[in-house]
Structure formats: structure tokens, C-alpha cells
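In: have a look at this prediction, sequence included:
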Amino acid sequence: MLTDDFGRDVTGVRISLTDRCNFDCVYCHNEGLGDTRGPMDPQDDEMSADDVVRFLEVVEEFGVRKVKFTGGEPMLRGDLEEILERTPDSMEMSLTTNGTFLPGRAEDLKAAGLERVNVSQDALEPQAFAEITKSGAYDRVMEGVQAALDAGLDPVKLNMVVFEHTAGYVEGMVDHVAENDGLQLQLIEYMPELTGKPEWSIDIQRVHDWLADISDRVEHREMHDRKRYWVGGGMVEIVDPVGNENFCANCHRVRVTHEGYLKGCLNRNDDLRPMGDMSKDEIRETFREVVENRVPYYGEYLVRDDQDEWVLNEKYLPA
Ligand SMILES: Nc1nc2c(ncn2[C@@H]2O[C@H](COP(=O)(O)OP(=O)(O)OP(=O)(O)O)[C@@H](O)[C@H]2O)c(=O)[nH]1
Ligand SMILES: C[S@@+](CC[C@H](N)C(=O)[O-])C[C@H]1O[C@@H](n2cnc3c(N)ncnc32)[C@H](O)[C@@H]1O
Ligand code: SF4
Ligand code: SF4
């Protein structure tokens, strides 16, 4: 296993299979890669299934045992099932999707070896959903969640970004997962770092405090030291990366862009490394380099100044 200079073992990878998407969510950070809008057809710049599989075979040599497929919308890839089938058996696979393509396809994903899915769902109300995602696919997403449950892709985690537009729907979503077996909720703190609009942020601590009050039990997850609250039999996890040194200190994943660049941190684009000709030797070399150079974003890449504001650590100023 490879470990970075901050003692963080790299145990997982997070692969963006495409930056295309059929939604246009108002908050989208696109895993740090900018705009998802553009042609919906397969693009030449995307890693092929062979490239993805070769990459996974190499990181397996380094003890990586978890892979998350994401995007853009990863289910726009017609060869997703092939990629899942060819992923090394030792790896736990999961997928983060907007859910629209799960009806009619969830069973194929399960048959190809996928274990579970996260589905983005920001509200249980079609109008609010349409305003946030710029899409009228609310019913389709609800069907997608059901299709995933029926196919055994559980627990299905519903991803809800908590920001100005959704704060009023949090309580309803917590009740929803408590009432429905197989569902869990991830409340994701809105990240303004890559999208601008800091005015949309809400204080996530208020959500922690409220959940602490109403929950039966609280756990800490190893990944990112995230808190999990058990409420009426349902599980609610808070993903709160913004300004959170503890979250970054427990970050164990290297990211891969759809074009085949390695990336040490979601919030940075100055650390992208191409994997050359994508031969196994080049992949090995680049993976070692990216781990050697990865640093926690909050607490190292950014540090607090005299006014307690986060500023770029001078060490990382471009030469
Ligand atoms: N800043 C930051 N945000 C993250 C990180 N991991 C997850 N997030 C945020 O959480 C969102 C949802 O993550 P998912 O792809 O559903 O998966 P996950 O929560 O990381 O993983 P599982 O809970 O194991 O399924 C991401 O798109 C980010 O907005 C991270 O390492 N850093
Ligand atoms: C970029 S999407 C890619 C996968 C898929 N298209 C989906 O929406 O689930 C991955 C996750 O990032 C979350 N996300 C996107 N922009 C965000 C932001 N600015 N702050 C917090 N989470 C964000 C989305 O809600 C989604 O759950
Ligand atoms: S569905 Fe996912 S990738 Fe598409 S715009 Fe929304 S958050 Fe971004
Ligand atoms: S270092 Fe922090 S901000 Fe960067 S990917 Fe890891 S947890 Fe996210």
C-alpha cells in the first residue's frame, strides 16, 4: 500500500468515467472538472474500457481495494457493464449516479458485479427537484431508486446537497430513509470552492446539532471521519468537507479524470498528472508520483491567515 507524506494510506480510487451529463444541476462541481454541458454522445477524450481496467489492475498491485465510479453521469457510458465485469475481483465497486438510467439497467449492473449505488436526490418534491437539476426527470429518478433496491444494489444512499435551495427538505428526507428499508441518506455540505456562489452555503453545524438531538446513536466512519446518525432506524451520514482539516486528514482516495489524468484532490486542478501512453509502467510511475505529492487541502494546501481566513500556503505558489 502507498502512503503519502501526511500518513494517509491510499486505499481507494475514484474514477470519473465521463464529464457528460443529462442534468445541469445548479451546484455541480463535476468532481472538480468544470462544466458538464455539451454533446451527450461518447467523446474521444474519454478513457476507454481497456484503459480503465489496466489502471485498476495496476492499483490493485498497490493494495487498492475500493473503486467508486462517478462523472458527469457515469451511466451515459454504454460500456459501464463491461468495465464492472472486468474490474479486478478483489475490489469493492460502487457507483454514484443521478439515477435516470437505472430503470431497466439496474439488474445488468448487479449482474456485472456492482455492489451498491448512490443516487443524487435533493428533494422529495418534483418542482424543487426540477429547479435544482434543470430536469423534469423526478419520476424517473424515483423509479431508478426502486429499480436499484429491487436489483439488490443496496444500501442505496440518497445524496442530498444541503444548501439554500434544499435546507427546507432535509427533515422530509430524514423521515423518508427512516421509513424505507434499504435507503440511507448522505447529507452533503454544499461546496462553493469550485462553483462560486458562497451565498448558497448554510451552516452544516446546525444540521449536526439537530441530528444529534433526534438520533438514537452516533458513529464515526473511518473515511473522512464522517459522522453517522441513526434516526428511527434510518442512517444519515454528513459529508462536511468545507474548511474541515479532520476530513482531509482522513482522505484515502486518488482521483482519475475521464481523460485519464490522476488527481490528488477534488478541489485542485494544479496537480493533474497524465498517465502517458497508459502502459502499466507509466501508470505505476504516475500513481507513485501522485501519491508522493498529494497533500491535505484544508490544513496544508490552504492554511489559516491572521484573520482566520483560508489562504494558499506559500509552499504551493506556482514557481
Ligand atoms: N471535498 C471532498 N468532497 C468529497 C469527497 N468525497 C466525497 N465528497 C463529496 O461527496 C459527494 C458524494 O460522494 P459519493 O460519490 O456519493 O460517494 P462517497 O460518499 O464519497 O462514498 P460512499 O459513501 O462510500 O459511497 C462528492 O461528489 C463530493 O461532493 C472528498 O474526498 N473530498
Ligand atoms: C458530480 S456528481 C457525479 C455523479 C452523478 N452525476 C450524480 O449526480 O450523482 C457526484 C455528487 O457530487 C455532488 N455535488 C455536485 N456538486 C456539488 C457541490 N457543489 N457541493 C456538494 N456536492 C456536490 C452531487 O450531488 C452528487 O451527489
Ligand atoms: S447529475 Fe451529477 S454530474 Fe450531472 S449536473 Fe447533477 S451533480 Fe453534476
Ligand atoms: S484532501 Fe480534502 S478536499 Fe481534497 S479530496 Fe481529500 S478530503 Fe477532499
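Out: Here it is on my side, so go on. Ligands and ions are numbered 1, 2, ... in the order given.
In: flag every residue of the stretch 1-150 of the chain that's near ligand 3.
Out: 21, 23-25, 28, 30, 36, 71-73, 98, 120, 133 (C-beta under 6 Å from any ligand atom). In this view, the C-beta of every residue, glycine as well, is placed from N, C-alpha and C.
In: how about a cut-off of 8 Å?
Out: 21-25, 27-31, 36, 71-73, 96-98, 120, 133 (C-beta under 8 Å from any ligand atom).
In: what bits of this structure have low per-residue confidence?
Out: For the chain, residues meeting the criterion pLDDT under 70 lie at 31-43.
In: show me the strands in it, by range?
Out: Under the criterion DSSP state E, strands of the chain are mapped to 12-16, 66-70, 92-97, 116-120, 156-162, 183-189, 217-220, 227-231, 234-239, 253-256, 261-263, 273-274, 302-304, 310-312.
In: CA atoms of the fifth one as PDB?
Out: As requested, the backbone C-alpha atoms of strand 156-162 are provided in PDB (Å, rounded to 0.1, in the frame of the first residue of the first chain):
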ATOM      1  CA  VAL A 156     -28.900   2.800  -1.800                       C
ATOM      2  CA  LYS A 157     -27.500   6.000  -0.500                       C
ATOM      3  CA  LEU A 158     -29.500   9.100  -1.400                       C
ATOM      4  CA  ASN A 159     -27.100  12.000  -1.900                       C
ATOM      5  CA  MET A 160     -28.600  15.400  -1.000                       C
ATOM      6  CA  VAL A 161     -26.600  18.600  -1.300                       C
ATOM      7  CA  VAL A 162     -27.600  20.800   1.600                       C
END
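In: and that strand with ligand 4, contact?
Out: No: Strand 156-162 does not reach ligand 4 (C-beta under 8 Å from any ligand atom); its nearest approach is 15.1 Å.
In: list the neighbouring strands of that strand plus their orientation.
Out: Strands that pair with strand 156-162, judged by DSSP bridges, come out as strand 116-120 (parallel), strand 183-189 (parallel).
In: wait, does the longest one contact ligand 4?
Out: No: among the residues of strand 183-189, none lie within reach of ligand 4 under C-beta under 8 Å from any ligand atom; the closest is 11.3 Å away.
In: tell me the angle that strand makes with strand 234-239.
Out: Using axes from the mean of the first three to the mean of the last three C-alpha atoms, to 10 degrees, the inter-axis angle of strand 183-189 relative to strand 234-239 is 20 degrees.
In: ok, the residue nearest to Val141 when sequence neighbours are not counted - contacts?
Out: Nearest non-adjacent residue to Val141, counting by C-beta to C-beta, 6 or more residues apart in numbering: Gly99, 4.2 Å away. Gly99 makes contact with Val117, Val119, Ser120, Gln121, Arg140, Val141, Gly144, Val145, Ala148, according to C-beta atoms under 8 Å, 6 or more residues apart in numbering.
In: measure the closest residue to ligand 1 within the stretch 201-319 of the chain to Cys251 for me?
Out: Using C-beta to the nearest ligand atom, Pro241 is the residue of the stretch 201-319 of the chain that sits closest to ligand 1, at 3.4 Å. Distance, Pro241 to Cys251, by C-beta to C-beta, to the nearest Å: 9 Å.
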